[in-house]
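Colleague: Need a 3D model of the following:
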Amino acid sequence: MRVPLCLLSSAMLASFAAFASQNDCTYDQSHQIEVLQEIASRRPGAVLAEDERTVRWTDEDGSETVVRYGGCDHLGFMVSSTRARTEESPEAEVLRVAQSLAREFWHESDAKDLEQVVAARELEKEAMPSGVVYRLEHESYDEFVVEHELVDGRERIAIRWARSF
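Modeller: Model (predicted):
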């Protein structure tokens, strides 16, 4: 059985906020919830799971979006978009969608960082069993990634960053 890339990302982000009290954390836990509440308020039918630091919704066309944001001593932000598709999108389309997701959900400076790295082609492409991971080079992030996979007729494009200041 293949482990989808999204499960690895989910586990990483979920572990950031787990088992920490508000006072033990470097990053403001209440601000993380406010960010997610604001995202959920803009999406009809969005469901916020505060304990998982996740907002999830399905659009009329059946595509699903998941946003995860949070952390205690490491902060992470992940957005994934999954849609029905029989063929993989070409790399240029994957990176275009990634940049669009960043502009829509990330802070403007993070979105600009992604755009600059993609434009400069400062990325390493790594084949995975179910897709491709683009590891982006940027000094502000511990991890800066675009993921692309096609599994069982569902294409998933995800962006994520993690950092510790």
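
Colleague: Show me what the longest helix seen in the chain is in contact with.
Modeller: Taking DSSP state H as the criterion, the chain has its longest helix at helix 91-105. For helix 91-105, the surrounding residues in contact (Cβ atoms under 8 Å, 6 or more residues apart in numbering) are 39, 67, 77, 79, 81, 89, 110-111, 114-115, 118, 125, 132, 134, 146, 148, 157, 159. C-beta coordinates here come from the backbone N, C-alpha and C atoms, glycine included.

Colleague: So which of those residues sit within helices?
Modeller: For the contacts of helix 91-105, the ones inside helices are 39, 110-111, 114-115, 118, with DSSP H as the criterion.

Colleague: On the pLDDT front, check the most centrally placed residue in the chain for me.
Modeller: For the chain, the residue whose C-alpha lies nearest the mean C-alpha position (Cα atoms, centre = their mean) is Met78; its distance is 2.0 Å. If you check Met78, the pLDDT there is 98.

Colleague: Give me the nearest residue to it, chain neighbours excluded.
Modeller: If you skip the residues right next to it in sequence, Met78 has Arg160 as its closest partner in space, 3.8 Å away by Cβ to Cβ, 6 or more residues apart in numbering.

Colleague: List the residues that contact the one you found.
Modeller: 9, 13, 76-79, 143-145, 147.

Colleague: bridging residues for it?
Modeller: Arg160 has these beta-bridge partners by DSSP bridges: Met78, Val145.

Colleague: Offset the numbering so it begins at 406, please.
Modeller: From this message on, residue numbering opens at 406, which makes the last subject Arg565.

Colleague: Report the rounded mean pLDDT for stretch 507-523.
Modeller: This predicted structure assigns stretch 507-523 an average pLDDT of 96.

Colleague: Any chance you could give me that stretch in PDB, C-alpha atoms only?
Modeller: What follows is stretch 507-523 as a C-alpha-only set of coordinates in PDB (Å, rounded to 0.1, in the frame of the first residue of the first chain):
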ATOM      1  CA  ALA A 507       0.200  30.500  -2.200                       C
ATOM      2  CA  ARG A 508      -1.200  33.900  -3.300                       C
ATOM      3  CA  GLU A 509      -4.700  33.000  -2.000                       C
ATOM      4  CA  PHE A 510      -3.800  31.500   1.400                       C
ATOM      5  CA  TRP A 511      -0.300  32.400   2.500                       C
ATOM      6  CA  HIS A 512       1.000  35.700   3.800                       C
ATOM      7  CA  GLU A 513       2.100  37.900   0.900                       C
ATOM      8  CA  SER A 514       5.800  37.600   1.700                       C
ATOM      9  CA  ASP A 515       5.700  33.800   1.700                       C
ATOM     10  CA  ALA A 516       3.800  33.800  -1.600                       C
ATOM     11  CA  LYS A 517       6.400  36.100  -3.100                       C
ATOM     12  CA  ASP A 518       9.200  33.800  -1.800                       C
ATOM     13  CA  LEU A 519       7.600  30.900  -3.700                       C
ATOM     14  CA  GLU A 520       7.200  32.900  -6.900                       C
ATOM     15  CA  GLN A 521      10.800  34.000  -6.800                       C
ATOM     16  CA  VAL A 522      12.200  30.500  -6.100                       C
ATOM     17  CA  VAL A 523      10.100  29.000  -8.900                       C
END
